[in-house]
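*Asks:* this one's structure only:
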């Protein structure tokens, strides 16, 4: 017999390291051909941070995205970053990139102001141009300004930026302090079907709502949510690392079971954009938070379906059948 149930789980998650420094630094420079080079220590390990940081740079510098050369990964060339961990890159490295670009932009506007015979505060940049805010038709190409700055004056339009979240250590006696600067929030609902004869669980659908601040790249945010949910399904139902006497007994994917495309159900996701004042353009993060509510939501759905609580992950068919048997014995008393 198969029974269906729904379960919900909520979470909040901090960005960065607990109380301790986790800075990032960046360099940015307008080139004489109108492109820009940005150096960051933040490593893109597949999460798409390179795209997001380039987008932040392009918007700040006022040039097209495809004219940004983002350099990362070479520790001999790039400045310090604390690592692609703790869902920190968009928020912390993004802030560093934005500050570096703002400093480069400030030099560019100074030079452009001389070229146009106006004051710098009346200028802005967009789409490869420096223009007067009040009279956009009066403008000069960023390439011409950058060339004048570097070749004509020997003062390249470049800048550096750093960001380190303002945190404090927790007091050992009171527990008071500020271990993080920003948090993200989410809720997920899982719909499952449980076979009471075999204990097998099929996840039918996942609904996910995530607050990531301003979504710099909404499509990538959705992708991270879906990837995190796939990981959460494995965490909740199939993945079980067996270790005895310091040895992993199931090191192959044949006996360490991860979800495949066939195991991932339809996912309906929504992004709640509540801009974080301290984040770059209001952005926060989405990496690990996308994973956290999935397994608890599935376990709550299993309880809703068949009335048993699984508190030891993964929720294998054997564990579910054992709990169902206990439940039947209790009812028979």
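*Replies:* Perfect, I can see it now. Keep in mind that this is a model prediction, so the values were computed, not measured.

*Asks:* Name the helix or strand of the protein that has the lowest mean pLDDT.
*Replies:* Of all regular secondary-structure elements in the chain, judged by mean pLDDT, DSSP states H and E, the least confident is helix 317-332 with a mean of 91.

*Asks:* And for it, what's in contact with it?
*Replies:* For helix 317-332, the external contacting residues (C-beta atoms under 8 Å, 6 or more residues apart in numbering) are 194, 196, 198-201, 302, 306-310, 312. Every residue, glycine included, has its C-beta placed from N, CA and C.

*Asks:* just stretch 135-150 next, same as before
*Replies:* The contact list for stretch 135-150, computed with C-beta under 8 Å, 6+ apart, reads 30-34, 61-63, 107-108, 111-112, 115-116, 125, 128-132, 155-157.

*Asks:* Buried ones only from the residues you listed, please, as a ChimeraX command.
*Replies:* Filtering the contacts of stretch 135-150 down to the buried ones (16 or more other C-beta atoms under 10 Å) takes a single ChimeraX command:
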select :30,31,32,34,61,62,63,107,108,111,112,116,125,128,129,130,131,132,156,157
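
*Asks:* In helices only, show me the contacts of stretch 135-150.
*Replies:* Among the contacts of stretch 135-150, the ones falling in helices (DSSP state H) are 61, 107-108, 111-112, 115-116.

*Asks:* Narrow the contacts of helix 317-332 to those in strands?
*Replies:* Judged by DSSP state E, strands contain the following of the contacts of helix 317-332: 194, 201.

*Asks:* And the contacts of helix 317-332, which of them are buried?
*Replies:* The neighbour-count test (16+ other C-beta under 10 Å) applied to those identifies 194, 199, 201, 302, 306, 308, 310 as buried.

*Asks:* Let me know whether the third one touches residue 191 as I believe.
*Replies:* No. Under the criterion of C-beta atoms under 8 Å, residue 201 makes no contact with residue 191, lying 11.2 Å away.

*Asks:* returning to what we had before: rebuild the ones in helices among the contacts of stretch 135-150 as JSON lines, extending it with pLDDT and distance to residue 169.
*Replies:* What follows is those, written out as JSON lines (pLDDT from 0 to 100; distance: C-beta to C-beta, whole Å):
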{"residue": "61", "pLDDT": "98", "distance to residue 169": "37"}
{"residue": "107", "pLDDT": "97", "distance to residue 169": "38"}
{"residue": "108", "pLDDT": "98", "distance to residue 169": "40"}
{"residue": "111", "pLDDT": "97", "distance to residue 169": "44"}
{"residue": "112", "pLDDT": "97", "distance to residue 169": "45"}
{"residue": "115", "pLDDT": "95", "distance to residue 169": "50"}
{"residue": "116", "pLDDT": "95", "distance to residue 169": "50"}
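
*Asks:* about what we covered before: would JSON lines of the buried ones among the contacts of helix 317-332 with pLDDT and distance to residue 42 be doable?
*Replies:* Formatted as JSON lines, the entries for the buried ones among the contacts of helix 317-332 read as follows, by pLDDT from 0 to 100; distance: C-beta to C-beta, whole Å:
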{"residue": "194", "pLDDT": "98", "distance to residue 42": "42"}
{"residue": "199", "pLDDT": "96", "distance to residue 42": "44"}
{"residue": "201", "pLDDT": "97", "distance to residue 42": "38"}
{"residue": "302", "pLDDT": "98", "distance to residue 42": "39"}
{"residue": "306", "pLDDT": "97", "distance to residue 42": "45"}
{"residue": "308", "pLDDT": "96", "distance to residue 42": "44"}
{"residue": "310", "pLDDT": "96", "distance to residue 42": "38"}
